[in-house]
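> Structure here, sequence nowhere to be found:
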């Protein structure tokens, strides 16, 4: 499988370095308009650097391309790749607007190419282990969930993040990770209520989701956080609590209700998965395998689009100060006032 990478920033470097060591995959080229950036990555990965997308496509003729550009540049290059018959792995979110996302999905379908959106949290071992335990009934019926995703403001290094029209801000760019993950665990969302505070130094959001199952989740996202980048998640069910915090040594903690604890059993369970993996490798390998085997991915394009719908509903709620509701019969396709 011949692959290429468009965009040689942090995410492009991550994709390229994982492809370079992936069995059955040839990293045939990387592309960035910043010549030195592309040349350095190409040297590191043993491939060829290009500064023009069209030049790389003509020379390499890849089967798959990873699009690791800023969000507002996704649409034109996804469409060009689709029209060239190339399967696409695109970083999240799909686009800065639902209209652009719709067009990208439609063009890929018309050209019969696969479009994968890289919601990598589904592939983080701790998050995967938590969802497995919950789906197996480890903590019973989930009633409440809390997530946290905080770190420095990316606009300090990349000014486009500070332009909400281009990045979508902290809700669309950062909290969409937790929106997608929670939906994969708890199902469809019934309503959204949110607050969002921004300044030159920070972008903070608190989003409350009520799910059709009755569960309620509070999601906290913060660009401009003075401490280290931190992710955390906690689920509380009627039989126990399961939690993870990236700043803690233990990968996740599972606490059972006292009535279910056997004599002498520990109150903290350590998952079988190791504390460290490269989730990007497993994500990309999964997408490549889906193309080869013609299978549906763990996170579908529809999943990615629905996460965008919820994110935009949260932004609408934050602007109006009112909750946004979705019709249960139609999933997330119709909003109510």
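Arrived safely, thanks for sending. The model shown is predicted, which means the values in this text are computed figures rather than measured ones. Numbers count the residues shown, from 1 in each chain.

> Who are the contact partners of residue 78?
Contact partners of residue 78, counting by Cβ atoms under 8 Å, 6 or more residues apart in numbering, are 67, 88, 90, 104, 107, 108, 115. Bear in mind the C-beta positions are built from the backbone N, C-alpha and C, glycine included.

> Could you confirm the second one falls within a helix?
This means residue 88. No: assignment of residue 88 by DSSP: H, G, I helix; E, B strand; the rest coil gives strand, placing it outside any helix.

> Return the member of the contacts of residue 78 nearest to residue 169.
Of all the contacts of residue 78, residue 169 sits closest to residue 90, with 19.4 Å by Cβ to Cβ.

> How many neighbouring residues does that closest one have?
If you count neighbours by other Cβ atoms under 10 Å, residue 90 ends up with 27.

> list the contacts for it?
So, once contact is read as Cβ under 8 Å, 6+ apart, residue 90 ends up touching 66, 67, 74, 78, 104, 115, 116, 117, 118.

> thinking residue 42 is in contact with residue 49, fair?
Yes: applying Cβ atoms under 8 Å, one finds residue 42 in contact with residue 49, separated by 3.7 Å.

> Give me the common contacts of the two.
A shared contact of residue 42 and residue 49, defined by Cβ under 8 Å, 6+ apart, is any residue touching both; here these are 29, 30.

> buried subset of the contacts of residue 78?
Buried by 16 or more other Cβ atoms under 10 Å: 67, 88, 90, 104, 107, 108, 115, out of the contacts of residue 78.

> For beta bridges, what are the partners of the third one?
Just to be clear, that refers to residue 90. When assigned by DSSP bridges, residue 90 has beta-bridge partners residue 67, residue 117.

> how near is it to residue 12?
12 Å (Cβ to Cβ, to the nearest Å).

> Which element, helix or strand, includes residue 292?
Assignment of secondary structure by DSSP states H and E places residue 292 within helix 279-293.

> just for the stretch 1-150 of the chain, where's the confidence low?
Filtered on pLDDT under 70, the stretch 1-150 of the chain yields no residues whatsoever.

> tell me the SS of residue 149?
Classification of residue 149 into helix, strand or coil gives strand, according to three-state DSSP.

> on that earlier part again, mutual contacts of residue 90 and residue 12, please.
Listed as contacting both residue 90 and residue 12 by Cβ under 8 Å, 6+ apart are residue 66.

> quick one: which two of the contacts of residue 78 are the most distant?
By the measure Cβ to Cβ, these have their two most distant members at 67 and 107, which lie 13.4 Å apart.

> Could you report the pLDDT at residue 278?
For residue 278, the model assigns a pLDDT of 86.

> looking at it, it is touching residue 18, isn't it?
Yes: counting by Cβ under 8 Å, residue 278 does reach residue 18; the two are 6.7 Å apart.

> So those two - more neighbours on which side?
The residue with more neighbours, out of residue 278 and residue 18 and counting by other Cβ under 10 Å, is residue 18; that gives 22 against 14.

> contacting residues around that one?
278, 280, 281, 284, 285.

> Ignoring the adjacent residues along the chain, who's closest to it?
Leaving out its chain neighbours, the residue that sits closest to residue 18 by Cβ to Cβ, 6 or more residues apart in numbering is residue 281, at 4.4 Å.

> give me the number of residues near the one you found?
Other residues within reach of residue 281, judged by other Cβ under 10 Å, total 17.

> repeat for the one 4 residues further on
By the measure other Cβ under 10 Å, the count of residues near residue 285 is 17.

> ditto for the one 3 residues further on
Residues lying near residue 288 (other Cβ under 10 Å) number 21.

> so who does it touch?
Neighbouring residues of residue 288 by Cβ under 8 Å, 6+ apart: 1, 3, 22, 24, 25, 64.

> Residue 21 now?
Taking Cβ under 8 Å, 6+ apart as the criterion, residue 21 is in contact with residue 281.

> Tell me how far it lies from residue 46.
From residue 21 over to residue 46 (counting by Cβ to Cβ), the distance is 10 Å.

> okay, now the domains of the chain?
2-118, 122-273+305-330 (automatic domain parsing).

> Identify the residue nearest the geometric centre of this structure.
In the chain, the centroid-proximal residue (Cα atoms, centre = their mean) is residue 119; its distance is 2.6 Å.

> Hmm, that residue is touching residue 303, no?
Yes: A contact is recorded between residue 119 and residue 303 when judged using Cβ under 8 Å, the distance being 7.1 Å.

> Give me the common contacts of these two.
With Cβ under 8 Å, 6+ apart applied, the overlap between the contact sets of residue 119 and residue 303 consists of residue 180.

> What distance do you get for the residue nearest to residue 18 to residue 25?
Look at residue 281 and residue 25: by Cβ to Cβ, they are 11 Å apart.

> Find the residue ranges of the stretch 151-300 of the chain scoring beneath the pLDDT cut-off.
Low-confidence regions of the stretch 151-300 of the chain, defined here as pLDDT under 70, cover residues 249-277.

> the helices in it, which residues?
164-167, 169-170, 176-186, 279-293 (DSSP state H, counting those that start in this stretch).

> among these, which is nearest residue 221?
Proximity of the helices of the stretch 151-300 of the chain to residue 221 was assessed by Cβ to Cβ; the nearest stretch is helix 169-170, lying at 4.6 Å.

> For the closest one, which helices and strands make contact with it?
strand 189-198, strand 203-211, strand 216-223 (3 or more Cβ pairs under 8 Å, 6 or more residues apart in numbering; DSSP states H and E).
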